[in-house]
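Asker: Generate a structure from the sequence data that follows.
(2 chains)
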2 protein chains.
Amino acid sequence: MAASQVTEVSKAKSFGGWQKVFQHHSDVLKCDMKFAIYLPQESETKKVPVIYYLSGLTCTEQNVIAKSGFQRYASEAGVAIVAPDTSPRGCNIEGEDDSYDFGSGAGFYINATTEKWKENYNMYSYVTKELPAAIETNFNIEPSRKSIFGHSMGGHGALICYLKNPGSYISVSAFAPICNPSNCPWGKKAFTGYLGPDEETWKEWDATELVKSYKGPNLGYILIDQGADDNFLKEKQLLPEAFVDACRVSNVPVVLQMQEGYDHSYYFVSTFIGGQIQHHAKLLKQ
Amino acid sequence: MAASQVTEVSKAKSFGGWQKVFQHHSDVLKCDMKFAIYLPQESETKKVPVIYYLSGLTCTEQNVIAKSGFQRYASEAGVAIVAPDTSPRGCNIEGEDDSYDFGSGAGFYINATTEKWKENYNMYSYVTKELPAAIETNFNIEPSRKSIFGHSMGGHGALICYLKNPGSYISVSAFAPICNPSNCPWGKKAFTGYLGPDEETWKEWDATELVKSYKGPNLGYILIDQGADDNFLKEKQLLPEAFVDACRVSNVPVVLQMQEGYDHSYYFVSTFIGGQIQHHAKLLKQ
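Answerer: Coordinates of the predicted model:
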């Protein structure tokens, strides 16, 4: 069955539009996948822009649709929001369910090259190509008006999808992204497992390294919200300062909003997701 | 330990205020209880009004704080929101965890009279007296400015707390409340268990019966949002028409907003909770 054949799993009306979940078979991941899509009311009569939201470690498509409250802002802005799952599921790879930060729930939005993982763990191809194709085939979406954002591991995913595909996404933003995975414990574990020990191969999947070597057209500004009391910031898992330094050297504009008192949770995401959606919507509707 | 001695379990900054969870020992329930409180930023410098939110079957204090997105509206309105748990916990009563709609997670906000349940299942006294006393002792709350609302079983709870205490609450509203528990499967099961088989004793805990016999001062209008595609409405668990009929006969003003296409979930609650909070805040701040 082609990835463009999608089956509705659930639907609920929300802020005048519909929060739906679908299932389809992914060819690049070789498994069945779920994704969520919020369709604002105006998608009933015309094509609307779309923002892809990539979630963090341990999440499925459910977390952001239940906890972030984004539907209000997507409804107001008249944009669709697509939220994929965070990894392939049920691939029967030995050890796939052993860790919260590797394997199931932790696909890191890259294409694996190691023998054990490369057949299934191709989340980069899934979120940048296969899923958008399925979305554009099945829903009332403007294919040329898309943006991307995400949280934590998903913030890393959003940044690399944007930087590796100049011109494909109108804008990018992130909540507490893993900015420099080559230099933090989560990233080193994931990249060693999915890509192997040669750190040179990690560079094409690391937002800070991609900014350093960026040669494409001028970019609009990259928007990041970061909680100042985020424990993972203190534990040096996120490293936004490395990303901002690289942007400064490469002349890539970035706005890092340090949010006093906020942590890493969906209470932080829900507080600032309205501002990020408005940022995208303004550019998507120009 | 007195119920007024509360211990902080968690906190997260949200929309400029704080979403906190506390634990305390309840004397009327004879067990430890958790409750959630959202404190808007302005509570740091002055006393603020408070709205009590009563949750539905199977919920704890977590559901509404994670899923409804109310913090944005409470922050804008400058009101605190208190969300108790839905039943006593861990009382070691035989069968307390056997059903989703009776016992744990299903206290129905009444005071039990049957031998087996009356020692612990006194959620009415807890939410109308013991919890407000603890809130007023520990937080920067105006004791005389309080309102109440709730969802499903908690909508039933909000309506009876309001009708049984004329003048105590400034206003009341509900999402898809169980309006006439004496005449629906959920209510019959709960009332038989907690109150015994004599249906005459059920009347003082049934919002529709309380409206029929209401003799207090004139009331402000009761606001209800009800999803028109709610399966529990179709299954006759909610019976808003019986409540509205009783209000008409007793001259109690009620506004029932039937919301086309919406179901019973938090996607429904989150869509309309802003409107209900604005309704309360307007009256609380008069």
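Asker: C-alpha from now on. contacts and neighbour counts both.
Answerer: OK.
Asker: Check the spacing between the residue in the stretch 51-200 of chain A that chain B sits nearest to and A:Thr45 real quick.
Answerer: Of all residues in the stretch 51-200 of chain A, A:Lys67 sits closest to chain B, at 4.9 Å by Cα to the nearest Cα. Between A:Lys67 and A:Thr45 the distance is 28 Å, computed by Cα to Cα, to the nearest Å.
Asker: Can you give me every residue that contacts the most centrally placed residue in chain A?
Answerer: The C-alpha lying nearest the average C-alpha coordinate of chain A belongs to A:Leu54 (Cα atoms, centre = their mean; 2.4 Å). Going by Cα atoms under 8 Å, 6 or more residues apart in numbering or on different chains, A:Leu54 touches A:83-86, A:148-151, A:153-155, A:157-158.
Asker: What's opposite it in the beta bridge?
Answerer: Residues found in beta-bridge contact with A:Leu54 (criterion: DSSP bridges) are A:Gly150.
Asker: Next, A:Asp263: secondary structure please.
Answerer: Reduced to three states with DSSP: H, G, I helix; E, B strand; the rest coil, the structure at A:Asp263 is coil.
Asker: What's the per-residue pLDDT of the closest residue to it other than its chain neighbours here?
Answerer: With sequence-adjacent residues excluded and distances taken as Cα to Cα, 6 or more residues apart in numbering or on different chains, A:Asp263 is closest to A:Asp230, at 4.0 Å. At A:Asp230 the predicted local distance difference test score is 98.
Asker: Do I have it right that A:Asp230 meets A:Tyr262?
Answerer: Yes - applying Cα atoms under 8 Å as the test, A:Asp230 and A:Tyr262 come out as touching, 6.5 Å apart.
Asker: So these two - more neighbours on which side?
Answerer: In terms of neighbours (other Cα atoms under 10 Å in any protein chain shown), A:Tyr262 is the more surrounded of A:Asp230 and A:Tyr262; the figures are 23 against 19.
Asker: tell me the contacts of that one?
Answerer: When contacts are counted by Cα under 8 Å, 6+ apart, A:Tyr262 is found next to A:Gln226, A:Gly227, A:Ala228, A:Asp229, A:Asp230, A:Phe268, B:Ala12, B:Lys13, B:Ser14.
Asker: again, 7 Å this time
Answerer: Contacts for A:Tyr262 were tallied using Cα atoms under 7 Å, 6 or more residues apart in numbering or on different chains; they are A:Gly227, A:Ala228, A:Asp229, A:Asp230, A:Phe268, B:Ala12, B:Lys13.
Asker: element containing the last one?
Answerer: In this case it means B:Lys13. strand B:7-14 (DSSP states H and E).
Asker: Need the contact partners of that strand.
Answerer: By Cα under 7 Å, 6+ apart, the list of residues contacting strand B:7-14 from outside reads A:261-263, A:267-268, A:271, B:18-24, B:71.
Asker: if you set the cut-off to 10 Å instead, what comes out?
Answerer: A:227, A:229, A:259-272, B:18-25, B:34-41, B:69, B:71-72, B:75 (Cα atoms under 10 Å, 6 or more residues apart in numbering or on different chains).
Asker: and stretch A:142-156, which residues are buried?
Answerer: A:143, A:145-156 (16 or more other Cα atoms under 10 Å in any protein chain shown).
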